[in-house]
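# Sharing a sequence plus its predicted fold:
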Amino acid sequence: MIMNRILKIITYIIIAMTGMLLAFLFFFQRDISETDLRAESFLNIDDLSDCQPYNYRFDHISEVSYSVEWQTKEECYGYVKFGDSRASLTRTASEDGGIKKRKNHKVVLENLRQRQTYYLTVLSGEIEYGNDGIPWSFQTGTKY
């Protein structure tokens with residue numbers, strides 16, 4: 001009898017902890033695109049400098065490639081620096097057709113490793129942009 005009550009209590013505790021874990025994962029581990037795009041909706045475009053990026057979009061293309069898109073008020077040069085550590089963004093990627101002045105930017109990061117965390121910043125008009133000065137992070141997927 002006492003053992004049954006103890007088992008029920010342990011079961012309820014496990015269920016409650018599982019629920020809290022799922023809530024944490026849902027609310028605090030959002031994809032960077034969802035978080036950043038929601039923050040962008042409060043920007044007044046007129047207050048931005050000519051080459052300051054806005055309307056960021058981050059997308060997984062495959063398990064080994066990732067895309068980064070953004071806009072600028074005026075035509076500006078843009079590219080992405082990235083790497084597998086926040087302190088070491090040693091790789092660069094430019095837009096299709098090379099680095100040209102444009103308002104709508106899209107850079108595809110290719111030949112990435114599966115199940116790897118990467119960090120990136122956007123360079124626009126010779127200024128490096130991140131998430132409040134810190135590189136964004138993303139993780140590549142796995143083969144299906």
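It's in.
# Can you tell me which helices and strands the longest strand seen in the chain packs against?
Longest strand in the chain, counting residues (DSSP state E): strand 65-76. Counting contacts by 3 or more C-beta pairs under 8 Å, 6 or more residues apart in numbering; DSSP states H and E, strand 65-76 packs against strand 54-62, strand 78-83, strand 102-109, strand 117-124. For every residue, glycine as well, the C-beta is placed using N, CA and C.
# how about M17, secondary structure?
Under DSSP: H, G, I helix; E, B strand; the rest coil, the three-state class of M17 is helix.
# what's the neighbour count on it?
10 (other C-beta atoms under 10 Å).
# Tell me how this structure divides into domains.
1-30, 32-139 (automatic domain parsing).
# mean pLDDT lowest for which of the ones you listed?
Lowest mean pLDDT within those: domain 1-30, at a mean of 67.
# one step back: would you list the strands that the longest strand of the chain pairs with, along with their directions?
With DSSP bridges as the test, strand 65-76 is paired with strand 54-62 (antiparallel), strand 102-109 (antiparallel).
# and of the helices and strands packed on strand 65-76, who's closest to I14?
strand 117-124 (29.7 Å; C-beta to C-beta).
# could you point out which element follows that closest one?
Proceeding N to C from strand 117-124, the next assigned helix or strand is strand 127-129, under DSSP states H and E.
# what are the pairing partners of the helix or strand that that following strand is followed by, and which direction each?
Using DSSP H and E, the helix or strand that follows strand 127-129 in sequence is strand 136-139. Partner strands and pairing direction for strand 136-139 (DSSP bridges) are strand 117-124 (antiparallel).
# outside of the strand it pairs with, which residues touch it?
With contact meaning C-beta atoms under 8 Å, 6 or more residues apart in numbering, strand 117-124 is reached by 51-53, 56, 66, 68, 70, 72, 76-86, 89, 105, 109, 112, 128-130, 135-140.
# buried subset of those residues?
Among the contacts of strand 117-124, those classed as buried by 16 or more other C-beta atoms under 10 Å are 51-53, 56, 66, 68, 70, 72, 76-83, 89, 105, 109, 112, 129-130, 135-136, 138, 140.
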